[in-house]
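**Student:** here is my input, please return the structure:
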Amino acid sequence: MKKIFTLIAVAAMALSASAQEISFTEGDVVSASTSAPLNNKTFSNGSFSITITDGEGKFAIDANNAYFGDATAQTKYSYRLKTGGKSQTTSGKARFITLNAPSAGTVKVCARSASSSSVRSIEVNGTSQSLNDANAISVDMEGNISETNPTGATKVYPVYEFSVAAGANTINFADGAINIYSLVFVAGEGGGESGGGSSTTGEAGDIFFTEADVVAASTSAPLNNKSFSNGGLTIKITDGEGKFAVDANNAYFGDATAQTQYSYRLKTGGKSQTTSGKARFITLTVGGAGKVRVCARSASSSSVRAIEVNGTSQSLNDANAISVDMPGNVSETNPTGATKVYPIYEFAVASGDNTINFPDGAVNIYDITYIPDTPAAISSVTTTATAAPAVKKYVENGKVVIVKDGKKFNIAGAQLK
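**Tutor:** Here you go, the predicted structure:
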């Protein structure tokens with residue numbers, strides 16, 4: 001189920017285009033104080049915000065590492081908002097959080113009790129859930145392996161989900177102090193920000209495949225008319241004969257300075273065609289003019305195949321792969337971690353529907369990334385370390401996140417807070 005590294009495994013393909021996250025950073029760190037530095041303080045992301053009411057100055061933000069998620073997808077947070085006590089409404093001592101949502105939807109909260117021995121609750125608009133550390137699970141993570149922890153076993157806490165209305169919603173913590181690491185708003189049907197910008201500029205998107213997508217080719221054509229979407233990108237498969245499939249296969253794509261590993265691929269099962277009842281091609285739909293970057297290989301190790309977008313063709317030639325030394329792939333038989341890295345192919349796309357063909361024969365597609373014309377391209381994520389580990393590219397709170405040189409970027413190349 002890995003996309004890039006065993007620390008984070010991607011659990012789902014179809015993600016909300018309107019998720020907005022509020023989390024905390026080193027720049028937000030502040031101690032509790034009678035001067036109440038966080039009283040009336042607002043944190044926002046787009047049109048999603050939280051405002052703290054803290055009459056006594058009990059709220060604080062400090063550094064603390066914790067993982068949240070489940071067995072297949074985990075996110076690490078390094079800072080937390082501490083409420084410093086239970087919520088109350090007494091004049092001059094009021095302590096609660098107001099969450100402002102741009103529309104009806106859901107909020108996903110990463111939070112823990114502030115007491116290791118007491119189960120506390122978090123309440124949104126009167127709906128309460130218990131923050132119980134006993135519900136945490138242990139997940140083995142390569143990045144956390146040590147002499148004393150040979151499997152990298154790491155505690156992962158659950159994420160709590162609540163329904164919210166458009167406008168102001170109240171977060172309480174009636175049993176005592178809690179610690180909040182992240183809040184993610186996901187718009188419900190008919191609401192929220194799309195991030196699309198304008199009618200001529202779409203939202204960036206990245207489509208790859210996971211264990212949950214695995215399906216064999218079959219005359220029942222399970223992938224015919226199947227759509228995959230992320231952000232402003234959608235692909236729809238036309239497969240009249242049932243030749244398409246998704247299976248597990250590891251491959252690295254990139255160049256000498258940045259590489260991404262994918263663990264699953266979409267197999268076309270044959271060359272594209274338009275014959276009635278046997279049609280085989282992919283329709284790629286975007287919200288604005290831009291470019292797509294395609295990670296693909298010929299399905300034959302001995303034949304160079306082509307991939308074509310709107311009539312523009314590029315050859316998928318394994319001979320163009322390069323070898324990159326990767327510390328993570330070092331072994332007794334491969335002391336430098338030398339790893340084959342395949343090129344990424346870039347095509348211009350127009351707003352609306354675009355057609356992907358493969359006229360020479362079957363090809364295997366690992367990833368398709370859409371970059372609209374207006375935002376900065378992903379190439380702004382750079383490194384000078386040619387032997388550095390591969391770029392970490394994963395899904396975090398409904399968005400594709402790229403980690404490079406310890407910094408996080410969105411799919412358009414903008415650095416995240």
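**Student:** what's downstream of the helix or strand containing residue 252, the next helix or strand?
**Tutor:** Taking DSSP states H and E as the definition, one finds residue 252 inside strand 245-254. Next along the chain after strand 245-254, taking DSSP H and E as the criterion, comes strand 259-267.
**Student:** how far is that following strand from where the chain is centred?
**Tutor:** 15 Å (CA atoms, centre = their mean, to the nearest Å).
**Student:** what mean pLDDT does that strand get?
**Tutor:** Strand 259-267 shows a mean pLDDT of 90.
**Student:** returning to that earlier point: can you give me how far the strand holding residue 252 is from the chain middle?
**Tutor:** Distance of strand 245-254 from the chain centroid (CA atoms, centre = their mean) equals 18 Å.
**Student:** and for stretch 282-300?
**Tutor:** 19 Å.
**Student:** what residues of it count as buried?
**Tutor:** Buried residues in stretch 282-300, defined by neighbour count with 16 or more other CB atoms under 10 Å: 282, 284-299. For every residue, glycine as well, the C-beta is placed using N, CA and C.
**Student:** same check on stretch 261-268?
**Tutor:** Within stretch 261-268, the residues that qualify as buried are 261-268, counting by 16+ other CB under 10 Å.
**Student:** of all these, which two lie farthest apart?
**Tutor:** Using CB to CB, the buried residues of stretch 261-268 span at most 21.3 Å, a distance reached by 261 and 268.
**Student:** sorry, back to before: so the strand holding residue 252 versus strand 259-267, what angle?
**Tutor:** Interaxial angle of strand 245-254 relative to strand 259-267 (axes from the mean of the first three to the mean of the last three CA atoms, to 10 degrees): 160 degrees.
**Student:** show me what strand 245-254 is in contact with.
**Tutor:** 209, 211, 213-217, 223, 259-267, 269, 295, 297, 324, 339-344, 364, 366-367, 390-391 (CB atoms under 8 Å, 6 or more residues apart in numbering).
**Student:** Three-state assignment for the residue with the largest distance to the centre of the chain, please.
**Tutor:** No residue in the chain sits farther from the centre than residue 91, which is 41.9 Å out by CA atoms, centre = their mean. Here residue 91 is recorded as coil under DSSP: H, G, I helix; E, B strand; the rest coil.
**Student:** need the contact list for it.
**Tutor:** residue 55.
**Student:** separation between it and residue 126?
**Tutor:** As for residue 91, its distance to residue 126 is 22 Å (criterion: CB to CB, to the nearest Å).
**Student:** could I get the buried residues of stretch 261-268 as a markdown table with distance to residue 28?
**Tutor:** Formatted as a markdown table, these follow (distance: CB to CB, whole Å):
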| residue | distance to residue 28 |
| --- | --- |
| 261 | 33 |
| 262 | 34 |
| 263 | 35 |
| 264 | 37 |
| 265 | 41 |
| 266 | 41 |
| 267 | 46 |
| 268 | 47 |
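**Student:** look up phi and psi at residue 169.
**Tutor:** Backbone dihedrals for residue 169, given as degrees, to the nearest 10, come out at phi -130, psi 150.
**Student:** any idea of the pLDDT on it?
**Tutor:** Listed pLDDT for residue 169 reads 93.
**Student:** could you list everything it pairs with in the sheet?
**Tutor:** Beta-bridge partners recorded for residue 169 (DSSP bridges): residue 99.
**Student:** I'd say it and residue 100 touch.
**Tutor:** Yes: assessed by CB atoms under 8 Å, residue 169 is found in contact with residue 100 at 7.5 Å.
**Student:** mind listing what residue 40 touches?
**Tutor:** Neighbouring residues of residue 40 by CB under 8 Å, 6+ apart: 51-53.
**Student:** check residue 180 too.
**Tutor:** Counting by CB under 8 Å, 6+ apart, residue 180 touches 80-81, 83, 109-111, 122.
**Student:** distance of residue 135 from residue 175?
**Tutor:** The separation that residue 135 has from residue 175, given CB to CB, amounts to 16 Å.
**Student:** swap that for residue 288, please
**Tutor:** The gap separating residue 288 from residue 175 is 48 Å, by CB to CB.
**Student:** residue 145 now?
**Tutor:** Plainly put, residue 145 is 36 Å away from residue 175 if you go by CB to CB.
**Student:** the more surrounded of these two?
**Tutor:** residue 175 (19 against 15; other CB atoms under 10 Å).
**Student:** re earlier: what is the nearest of the contacts of residue 40 to residue 303?
**Tutor:** Among the contacts of residue 40, residue 51 lies closest to residue 303 (CB to CB), at 60.7 Å.
**Student:** chain center to the host helix or strand of that closest one: distance?
**Tutor:** Using DSSP H and E, residue 51 sits in strand 48-54. Distance of strand 48-54 from its chain centroid, counting by CA atoms, centre = their mean, is 25 Å.
**Student:** remind me what it packs against, helices and strands.
**Tutor:** Applying 3 or more CB pairs under 8 Å, 6 or more residues apart in numbering; DSSP states H and E, we find strand 48-54 packed against strand 20-23, strand 42-45, strand 95-101.
**Student:** and the helix or strand just after that strand with strand 48-54, angle?
**Tutor:** With elements assigned by DSSP H and E, the helix or strand that comes after strand 48-54 is strand 60-69. With the same axes, to 10 degrees defining the directions, strand 60-69 sits at 130 degrees from strand 48-54.
**Student:** so what's the gap between the next helix or strand after strand 60-69 and the chain middle?
**Tutor:** Later in the chain than strand 60-69, the nearest helix or strand by DSSP H and E is strand 74-82. Between the mean C-alpha point of strand 74-82 and the mean C-alpha point of its chain there is a distance of 16 Å (CA atoms, centre = their mean).
**Student:** output the contacting helices and strands for strand 74-82.
**Tutor:** strand 8-9, strand 60-69, strand 178-187.
**Student:** let's have the ones you listed in a markdown table, adding distance to residue 231 and mean pLDDT.
**Tutor:** Below are the helices and strands packed on strand 74-82 laid out as a markdown table (distance: least, CB to CB, whole Å; pLDDT from 0 to 100):
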| stretch | distance to residue 231 | mean pLDDT |
| --- | --- | --- |
| strand 8-9 | 18 | 27 |
| strand 60-69 | 21 | 93 |
| strand 178-187 | 13 | 93 |
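**Student:** among these, which comes closest to residue 44?
**Tutor:** Closest approach to residue 44 among the helices and strands packed on strand 74-82 is made by strand 178-187 (10.5 Å; CB to CB).
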